[in-house]
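Chemist: Attaching a predicted model along with its sequence, questions to come.
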Amino acid sequence: LAYSLNMLTMVGLLIGLGLLMDDAIVLSENVASHLGRGKPALEAVIDGVNEVKNGVIASFTTTVCVFGPLAFLEGNMGKVLKVMPVVLIMVMAVSLIEAFWILPNHLAHSLAHHDPNQKNRFRRKFDRFIEALREKVLGPVVDVAIRWRYLAVGTTVAVFIVSVGMMAGGFLKFKAFPDTDGDVILGRILLPQGTPLDRTEALVARMTDAIDKVDAEFTPRQPDGQQLVQNVSVRFNVNAEASESGAHVATVYVDLLSAETRNARVDDVVNRWRELVGSVTDVISLKFGEASFGPAGRPIDIRLRGHDLEELKAASLDLQEWLAQYKGVFDLSDDLRPGKPEISIRLREGAKALGLDGQTVASQLRSAFYGRTASEIQVGRESYEIDVRLRDEDRNSLADLAYFHVTLPDGKQAPLGSVAILTQTRGYARIASVDGMRTVTVQGDVDSRIINTSQLMAQLNRDFMPAFTQRYPDLRTSLEGESKESAE
């Protein structure tokens, strides 16, 4: 199976060990019961095992039915959880062999000369205690349950209905994987493309000053006065979530006192850090949290698909605005972000009459500003390419682009501004596509102590999505991350 001995396989082994002990106890107790009736050891073993074998097999079958489906879960959670039922079922299968072949043989040999009437003082007192418990406590309870059998069955059904209703009504919160505190938290910075490094450094300094204040607040609460923040490091040009690089991105890494030692929850530290940094106006995304999410994925991960980028962006902003109204929801963002400043060139009406088209203008601009290889010469054993482009002083400002002259097919020249319209704008840094459709993903995090992800997504589908679908009928919406993993 290529499985290693790890936490999940050990959980499967521990559960299997408990069930294995249960089967052994049931068989041994029943054999002891027959032995107490005066039967020979071999006969007591045979009769005792045959009497409870159907129950033991039924117990194995129910265990397989309960844990077996976990091996067929989809997604990341399925990859993690499938190990446990496979190991458990293998252990249980081996336990059947042990219960029906090995254990009876051992019992028959070990009880061959056993006298059930010979008991020490402790065993006699223990048997009297169990007998009194059975006759005076358990027996009366069973008698009442049988006498009021309809009430007992009705109460059981009612409790089951209430249990299901509590989950369906949101009173009982569901979370696929519990939150576990790590030892490293991050602050991820994403500024608009083209932001100078000085601005990124200033924001990093603001974040490091804030984490120093957090350390000063939390350190007095730690055991033996140990510092909460062990180390702070910064990596510029790195933001794993943004899928971008440059002077406009950075990540602040904070190493905390180990979770086993410190007297502070990661959520409390992160929330205080976020609060002290405050609101930053020119930032696209500023996220605080642990280094990675568990196999359940992000708490908020909603995918919008369509063909019109402007419509996708508007829908994303509407969705983020609705989610932001809930307390405990933070770090909302999408992946359709503005890119670097650019100049869009569109031909004027009548430009085609001069013999120009978009490809011709683009080719001449590229040759002038980036250069083109005009020739290649051989000098001895060396080969040299001759690149032709405008002089540096003729291509170092936007005004040079406005004064650029385009060569017409007849050899004449015309100013670029007379044949085309130049518009300063920003494109998009990244355009994602899924199944041939442009995609925008809205992501965020939640404080599980304040709001539950499943409950939030249920309210989203019930209260927001009907009107959202009518407003944007051409868009497709799907839930990813924790919601998808939980559903699978």
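Modeler: Ah, there it is. Residues are numbered from 1 along each chain as shown.
Chemist: When you work out contacts or count neighbours from here on, use the C-alpha atoms and nothing else.
Modeler: Will do.
Chemist: and for stretch 358-374, what are the contacting residues?
Modeler: When contacts are defined by Cα atoms under 8 Å, 6 or more residues apart in numbering, stretch 358-374 is touched by residues R346, L347, E385, I386, D387, V388, R389, L390, R395, V406.
Chemist: Which parts of stretch 193-201 count as buried, going by neighbours?
Modeler: The neighbour-count check on stretch 193-201 (16 or more other Cα atoms under 10 Å) flags Q193, T195, L197, T200, E201 as buried.
Chemist: Now for the third one: which residues touch it?
Modeler: Going by Cα under 8 Å, 6+ apart, L197 touches A247, H248.
Chemist: Then the first one?
Modeler: Q193 makes contacts with G246, H248, P338, G339, K340, P341, A429, as judged by Cα under 8 Å, 6+ apart.
Chemist: So it: helix, strand or coil?
Modeler: Counting by DSSP: H, G, I helix; E, B strand; the rest coil, the backbone at Q193 sits in coil.
Chemist: Now it: closest residue in space, sequence neighbours ignored.
Modeler: Spatial nearest neighbour of Q193, excluding adjacent residues (Cα to Cα, 6 or more residues apart in numbering): K340 at 5.0 Å.
Chemist: can you count the residues close to the one you found?
Modeler: K340 is flanked by 14 other residues according to other Cα atoms under 10 Å.
Chemist: ditto for L27
Modeler: L27 has 25 neighbours, counted by other Cα under 10 Å.
Chemist: Same check on G225?
Modeler: Using other Cα under 10 Å, the number of residues around G225 comes to 10.
Chemist: Helix, strand, or coil at S433?
Modeler: Assigned with three-state DSSP, S433 falls in the strand class.
Chemist: Specify the beta-bridge partners of it.
Modeler: When bridges are called by DSSP bridges, S433 pairs up with R438.
Chemist: about what we covered before: and the contacts of stretch 358-374, which of them are buried?
Modeler: Buried residues within the contacts of stretch 358-374, counting neighbours by 16+ other Cα under 10 Å: L347, R389, R395, V406.
Chemist: got CSV for these, with distance to M90 and pLDDT too?
Modeler: As requested, those are arranged in CSV below (distance: Cα to Cα, whole Å; pLDDT from 0 to 100):
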residue, distance to M90, pLDDT
L347, 72, 88
R389, 73, 87
R395, 73, 81
V406, 77, 87
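Chemist: In the residues you listed, find the pair that's most separated.
Modeler: Greatest spatial distance in those: L347 and R389, 23.1 Å, computed using Cα to Cα.
Chemist: so where's this protein uncertain?
Modeler: 1-2, 75-78, 114-118, 169-179, 292-297, 483-488 (pLDDT under 70).
Chemist: if we can go back for a sec, of the buried ones among the contacts of stretch 358-374, closest to N452?
Modeler: Scanning these for proximity to N452, where the rule is Cα to Cα, the winner is L347, at 53.4 Å.
Chemist: so what does the top helix by length along the chain touch, helix or strand wise?
Modeler: Longest helix of the chain, by residue count under DSSP state H: helix 7-36. For helix 7-36, the elements it packs on are helix 41-67, helix 83-97, judged by 3 or more Cα pairs under 8 Å, 6 or more residues apart in numbering; DSSP states H and E.
Chemist: Can you give me the buried ones in it?
Modeler: Buried residues in helix 7-36, counted by 16+ other Cα under 10 Å: 8-13, 15-17, 19-20, 23-24, 26-28, 30-35.
Chemist: circling back to that earlier point, turn the buried residues of stretch 193-201 into TSV, including distance to L138.
Modeler: Below are the buried residues of stretch 193-201 laid out as TSV (distance: Cα to Cα, whole Å):
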residue	distance to L138
Q193	74
T195	76
L197	76
T200	72
E201	72
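Chemist: For those, name the two members farthest from one another.
Modeler: Within the buried residues of stretch 193-201, Q193 and E201 form the most distant pair, 14.7 Å apart (Cα to Cα).
Chemist: from the contacts of stretch 358-374, which ones fall inside strands?
Modeler: R346, L347, E385, I386, D387, V388, V406 (DSSP state E).
Chemist: tell me which element L186 is part of?
Modeler: Per DSSP states H and E, L186 falls inside strand 184-190.
Chemist: And that strand, how far out from the chain middle?
Modeler: 17 Å (Cα atoms, centre = their mean, to the nearest Å).
Chemist: repeat for stretch 242-259
Modeler: The answer for stretch 242-259 is 18 Å, by Cα atoms, centre = their mean.
Chemist: May I see the buried residues of it?
Modeler: 242, 244, 246-257.
Chemist: Repeat that for stretch 216-232.
Modeler: For stretch 216-232, a neighbour-count test (16+ other Cα under 10 Å) marks F218, T219, Q227, L228, V229, V232 as buried.
Chemist: Could you export those as TSV, including secondary structure?
Modeler: Converted to TSV, the buried residues of stretch 216-232 look like this (three-state DSSP):
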residue	secondary structure
F218	helix
T219	helix
Q227	coil
L228	coil
V229	strand
V232	strand
